[in-house]
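Undergrad: output the structure for:
(one chain, ligands or ions: 1)
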Amino acid sequence: MSVSRVFTPKYIVPIVGVAAASFAAYQYSTATRSFISNETGKTFTGGDEWIDLKLKTTESLNHNTKHLSFELKNPDDESGLITASMLMTKFVTPKGNNVIRPYTPVSDPKQTGTIDFVIKKYDGGKMSTHIHDLKEGDTLSFKGPIVKWKWEPNQFKSIALIGGGTGITPLYQLLHEITTNPIDKTKVNLIYGNVSPDDILIKDKIDEIASKHKDQVKVHYFVNDAKNDSKWDGEVGYITKDFLSKELEKPNADFKVFICGPPALYNAISGNKLSPSDQGELSGALKELGFEKEHVFKF
Ligand SMILES: Cc1cc2nc3c(=O)[nH]c(=O)nc-3n(C[C@H](O)[C@H](O)[C@H](O)COP(=O)(O)OP(=O)(O)OC[C@H]3O[C@@H](n4cnc5c(N)ncnc54)[C@H](O)[C@@H]3O)c2cc1C
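TA: Down below sits the predicted model:
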């Protein structure tokens, strides 16, 4: 075969055609990739910058707690959080002081366009008062995420979630993550304490999960005082060692207890953390029931 025959226009056309098609395909695939990457963009990637999010909606859940939904950076963005993680929030006081506090979203990590929080207002609380005073369209600065516990499907055969008040938020992330993943068969026992029935947060969401996953999820509500609710059929009083001894599995490597709540709850059940990065020693009811430090995670 002669060279001249190889490079006749008859051959050049297909080669040029293939090259053009490849170039077009490359351009298309680049465009597609960039389109896809926009579609699955993440507002929070762990960088050090504060990102201002606009408050989209705010709704009172009870006398001191609001559900707030903030717009992510782009309407197609996911938050970028995994279960279980949180974000820091910041605002600057008129005197120029930074107020910085952590909050744990309750929305699905795959939710696009918005991220949701349940936030309780404390009397005299700087950040919670600031957040409760925000109007739709106002902005709040966020940074993160900070991963507290990286959940993997079937990480344990069963877990107990022991929570008090707003401590439900990271526990809810676990409950939601496990029950929305069909391959995750982890059994969940949620024990959630509050002052009164009115104070129980996201009860409708928790009850919906429990009724859809009867074989997988058990829920026990505790309230200090049920006088304002004649139909209350949950537990009354504090979460006790006796109750835990009946409800929890015996300590073993396939069973983990996650706990989050006010200092008094940690004191009674597990002992407090020493710092955000130091779980401290295990004490309280769980220690008395034979649990060791490695069986328990304090959020
Ligand atoms: C990892 C993590 C995740 C959190 N996630 C959430 C969440 O999803 N939703 C939510 O509402 N809160 C959450 N919190 C609590 C939140 O970060 C703030 O501590 C809370 O909103 C109070 O801040 P503040 O500036 O309003 O009050 P501050 O000005 O710090 O305190 C004002 C008063 O309130 C009391 N107080 C403050 N915090 C508490 C508390 N937790 N329990 C009892 N009394 C308190 C103080 O003793 C003080 O008297 C989380 C905390 C942590 C550590």
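Undergrad: for stretch 238-249, which positions count as buried?
TA: Within stretch 238-249, the residues that qualify as buried are Tyr238, Ile239, Lys241, Phe243, Leu244, Leu248, counting by 16 or more other Cβ atoms under 10 Å. In this view, the C-beta of every residue, glycine as well, is placed from N, C-alpha and C.
Undergrad: can you measure across it, start residue to end residue?
TA: In stretch 238-249, first residue to last residue: 20 Å (Cα to Cα, to the nearest Å).
Undergrad: tell me how this protein divides into domains.
TA: Using automatic domain parsing, the domains assigned to the chain come out as 51-147, 158-298.
Undergrad: can I get the ones you listed in JSON lines including distance to Thr43?
TA: Listed next are the domains of the chain as JSON lines, based on distance: least, Cβ to Cβ, whole Å:
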{"stretch": "domain 51-147", "distance to Thr43": "4"}
{"stretch": "domain 158-298", "distance to Thr43": "17"}
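Undergrad: closest one to the ligand among those domains?
TA: domain 51-147 (2.3 Å; Cβ to the nearest ligand atom).
Undergrad: would that closest one count as contacting the ligand?
TA: Yes - applying Cβ under 6 Å from any ligand atom, one finds domain 51-147 in contact with the ligand at 86, 101-104, 117-120, 122, 124-129.
Undergrad: nearest to Glu177 among those?
TA: Nearest to Glu177 among these, counting by Cβ to Cβ, is Thr104 at 12.6 Å.
Undergrad: so where do the helices sit in the stretch 51-200 of the chain?
TA: With DSSP state H, counting those that start in this stretch as the criterion, the stretch 51-200 of the chain has helices at 126-133, 168-179.
Undergrad: which outside residues touch the last one?
TA: Pointing back at helix 168-179 there. For helix 168-179, the surrounding residues in contact (Cβ atoms under 8 Å, 6 or more residues apart in numbering) are 83-86, 103-106, 108-109, 117-118, 148-149, 151, 153, 159, 161-163, 184, 186, 188, 190, 192, 201-202, 205-206, 209, 212-213, 216-217, 258, 260, 299.
Undergrad: can you tell me the helix or strand for Ile209?
TA: Applying DSSP states H and E as the criterion places Ile209 in helix 203-212.
Undergrad: please pull out the lowest mean pLDDT helix or strand from this structure.
TA: Of all helical and strand segments in the chain, the minimum by mean pLDDT, DSSP states H and E falls on helix 3-6, at a mean of 38.
Undergrad: identify the residue nearest the geometric centre of this protein.
TA: For the chain, Gln173 is the residue whose C-alpha lies nearest the centre (Cα atoms, centre = their mean; 4.0 Å).
Undergrad: quick one, grab the pLDDT at that one.
TA: At Gln173, the model reports a pLDDT of 97.
Undergrad: check Lys227 too.
TA: For Lys227, the model assigns a pLDDT of 88.
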